[in-house]
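>>> Sequence plus predicted model, see below.
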Amino acid sequence: MSPISPPDGSSSPARPANIPIDAPAASPKGGPPRPRSEAEPAEPDESGIAERATRDLAAQFEDEKPGRVLSGPAGLLLTAAALAVGALALWQVFRPLSQGSKYYLIIFLAGVLPLVFLAYPADLRLPARLRPRRLERPPTTPDRRDHADTASDTDTRAPASTRPTVTDWLLVALAVAACLYPILPIRIGSGGGGYNAFLDRQGLLTPTDLVLGTVLLLLLLEACRRTTGWILPAVCLLFLGYGYYGGLLPQSWPVAHAGLDFSQLVDAFYNSDSGFYGTPLDVAASYIVLFTIYGAVLELSGAGRFFVELSAAAFRRSRTAAGRTAVASGFLLGTVSGSGAATTVSIGAVTWPLLRRAGYPPERAGGMLAAAGVGAILSPPTLGAAAFIIAEYLGVSYLQVLGWATVPTVLYYLGILLAVEIDARRSGVRPVVIDVGSPWRLLARFGYHFASLIAIIVFLAVGVSATRAVVFAILLAVALSFLDRAHRLTPGRLVTALVTGVRGVLAVTAVCAAAGIITATTTKTGLGPQAAALLIGGAQAVTSDPTLVLVLTALLAAVALTLLGLAVPVTASFVIGWVIVGPALLDLGVTAPAAAMFVFYFAVLSEVSPPTALAAVAAAAVTGGRLVPTMWQTLRYALPAYLTPVAFVITPAGLGLLGIGGVGRIAFAAVVVALSVAVLAVAAGGWLPGVGPAGVPERVLGALAGVTLLWLEPVPVTVGAALAAVAAAGVFVRRGSAGRSSSGSPASPVEEKL
């Protein structure tokens, strides 16, 4: 297969020599443009898929369903309410409400929860076989409602209805009443009377309190169902049932407890600091909303397009330009988005045409895009929502969490880049020259987009709080946007950014408030220590050696967290994992930072774990590839990330991966695990760059070497390095016996020089 456009300037007679990135096709959030060639129109199949996928997924902050596009009075109401919520969040940073943070959380939830019922449809439909048959209407009398139903049956990505129903408006009113009730200064039956009176009734709720608390509980479950699906509400109901019926379990069972009546549960949810208004909601209202506003400001200022073009320019003459561009774009866009699925769709809409022309099959390209996109949740300075929860739970600054995430993020992308290089050589990927100009010229003209990202780190380093740091970064990004006439953030565009940012936090707020059901139940019943004892007991049933007990506990915890992540969003997965798995690791002597980051990484990796793998689903929607093979390709690209977190907890030297323990420990851990990642990439890809294909024996030895190297002690590291050397020697021997003709994929002389 001949290259599409060799770097020497000649071109294939069938296609143009260069692929410019010059035609903006922005995502709903103002995302990066979709490229097309000047000499040929975009192919309908790939452009249509990309546009539909971008419309449905790129506006997501986490694993949420597509929402309505509101217009008319409902749209105006949502815009006004979102502006008020955004203004309150910004005001709270510099002038906190005198009544305290819980008072602010009550108002914030009262502003956000009603918007969920406006922005997300109920989407409750019977299966087709159970629906009543309708009389056929002639085509000359269309019915908008019937058309919407038909579209939803035939195309799962059909846009939701733009009109909230009467039920939606009723839920909006109930949400406002239930949320504002604790602070209303009027008597309502035996309850009410204002914020202080409500707090004074903690543990002694009145019937009115119980009714409104139950209403809010049901509304939060419905809000989660609308935004994330049925599974998270089911998990919350499972914890609720455990709290209520746990007293009926045999008291000899480790998970049995004394039992809680319904009023005690509602009191724990509605009128305590570990329920609806606990740490997860505090994080959403204090941090996440500001970072989503910041992301929207960056996108509208043209940062998304700049990051993609810079990535393309940096690798435009590389043999693996298309693959490297996709990976680099995922990292840079991840600093803005903080969402795996959204970043996957954004970079896919831009880079899938390049990957396709380079010769990547849809499934392999989808796996690459999904793995690169999930790195968004791992990439500083805007990690996923769970990173802010870590900072709150452990009582550390967000800058420390960023420090813990830096080395693992580099190692994660190192693994993906090595996989890209291996695939290019094993599969005969064709070079594609991307016509975007010099990267230095791009940096000189638009490099100011990095200024606000750097400013966040600088502000955090000098002791400014994370909330103030991001507000200052927003102001800097707005000011710098006037350097580009096409992307100036005028007042109208600022309103759009503010509304987009607040809308981006709707689903996260619902999830975080509902997570209070889990945390409060766990706290009241003592489930955390009991589950930790069960986990450790399972490991001790196999061996009594303390080191092996720790290793087995970590492996069991990894499996449990992965399975949990298949069912619930990343934020909820972390919260549940921390209260269940965290105590087990802490009891075995694992430090709090290592335990928290262990839980965090496995919660994040749920987005690439089959059989759900939401990032892979988004990637398959962009490339049109088969879903299951795309998931397995994603798993192959992200494989090192599943093993690296284990190194955090099984040896003290693993703390070096989190930047803890001095320069020597950090350097040792980083170098050894980088070697482990490289060996695992070779084992998974079946190719040693610069040498040739690896056979099954070499791949097995490489896998053993990579896993052994993760045990960061002198003897295992020595054994792992020796196994890696033997595997590499085997590849050299295989190449010599097979001859130079079979050592690589067909390539032109020009390609071999690259």
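Nice, thanks for sending it over. Numbers count the residues shown, from 1 in each chain.

>>> Please tell me how far Phe307 sits from Ser286.
27 Å (CB to CB, to the nearest Å). Quick note: C-beta positions are derived from backbone N, CA and C, even for glycine.

>>> Apologies, that question was intended for Tyr642.
From Tyr642 to Ser286 the distance is 32 Å (CB to CB).

>>> Of the two, which one has the most company?
Ser286 (22 against 17; other CB atoms under 10 Å).

>>> Just the pLDDT for the more buried one.
Reported pLDDT at Ser286 in the predicted model: 89.

>>> biggest helix in the protein, by residue count?
In terms of residue count, the longest helix belonging to the chain (DSSP state H) is helix 398-427.

>>> buried residues in that helix?
Across helix 398-427, burial judged by 16 or more other CB atoms under 10 Å covers 398-405, 407-427.

>>> need the strands for the chain, in chain order.
Under the criterion DSSP state E, the chain contains strands at 18-20, 187-188, 191-192, 433-435, 687-688, 692-693.

>>> now the third one: how far from the chain's centre is it?
Relative to the centre of its chain, strand 191-192 is centred 40 Å away, using CA atoms, centre = their mean, to the nearest Å.

>>> partners of that strand, with directions?
Note on strand 191-192: by DSSP bridges, its sheet partners are strand 187-188 (antiparallel).

>>> hmm, who's touching the strand it pairs with?
Tyr181, Gly193, Thr208 (CB atoms under 8 Å, 6 or more residues apart in numbering).

>>> out of those residues, which one sits closest to Val462?
Ranked by distance to Val462 (CB to CB), the contacts of strand 187-188 are led by Tyr181 at 41.8 Å.

>>> Can you report how many residues neighbour Leu658?
24.

>>> In the stretch 551-700 of the chain, what residue spans correspond to helices?
Along the stretch 551-700 of the chain, the stretches classed as helices by DSSP state H, counting those that start in this stretch are 570-580, 582-587, 592-604, 614-623, 627-637, 639-650, 662-685, 696-709.

>>> The first one to helix 614-623, inter-axis angle?
Interaxial angle, helix 570-580 versus helix 614-623 (axes from the mean of the first three to the mean of the last three CA atoms, to 10 degrees): 160 degrees.

>>> and helix 570-580, how far from the chain's centre?
Per CA atoms, centre = their mean, the centroid offset for helix 570-580 relative to its chain is 14 Å.

>>> Any buried residues in it, and which?
Val570, Thr571, Ala572, Ser573, Phe574, Val575, Ile576, Gly577, Trp578, Val579, Ile580.

>>> What's the local residue count around Ala258?
10.

>>> got a list of what Val410 touches?
Ala670.

>>> From Val671, how far off is it?
12 Å.

>>> same deal with Pro280?
From Pro280 to Val671 the distance is 37 Å (CB to CB).

>>> cool, Gly504 as well?
Counting by CB to CB, the separation of Gly504 from Val671 is 39 Å.

>>> The two: who's more crowded?
When neighbours are counted by other CB under 10 Å, Gly504 and Val671 differ, and Gly504 comes out ahead with 27 against 12.

>>> The more buried one against Tyr294, yeah?
No. Counting by CB atoms under 8 Å, Gly504 sits too far from Tyr294 to count as a contact (10.6 Å).

>>> In the stretch 451-600 of the chain, where is pLDDT below threshold?
Within the stretch 451-600 of the chain, the ranges that satisfy pLDDT under 70 run 566-567.

>>> run the last query once more with 80
Within the stretch 451-600 of the chain, the ranges that satisfy pLDDT under 80 run 528, 562-570.

>>> Same question for the stretch 251-400 of the chain.
With pLDDT under 80 as the threshold, the stretch 251-400 of the chain has low-confidence stretches at 252, 312, 314-321, 330, 333-343, 346-347, 349-350, 375-385.

>>> quick one, helices of it?
262-270, 279-283, 289-300, 303-314, 321-337, 340-358, 362-374, 385-394, 398-427.

>>> Now do the third one: which elements does it pack against?
Judged by 3 or more CB pairs under 8 Å, 6 or more residues apart in numbering; DSSP states H and E, helix 289-300 is in contact with helix 72-94, helix 321-337, helix 449-461, helix 466-480, helix 491-503.
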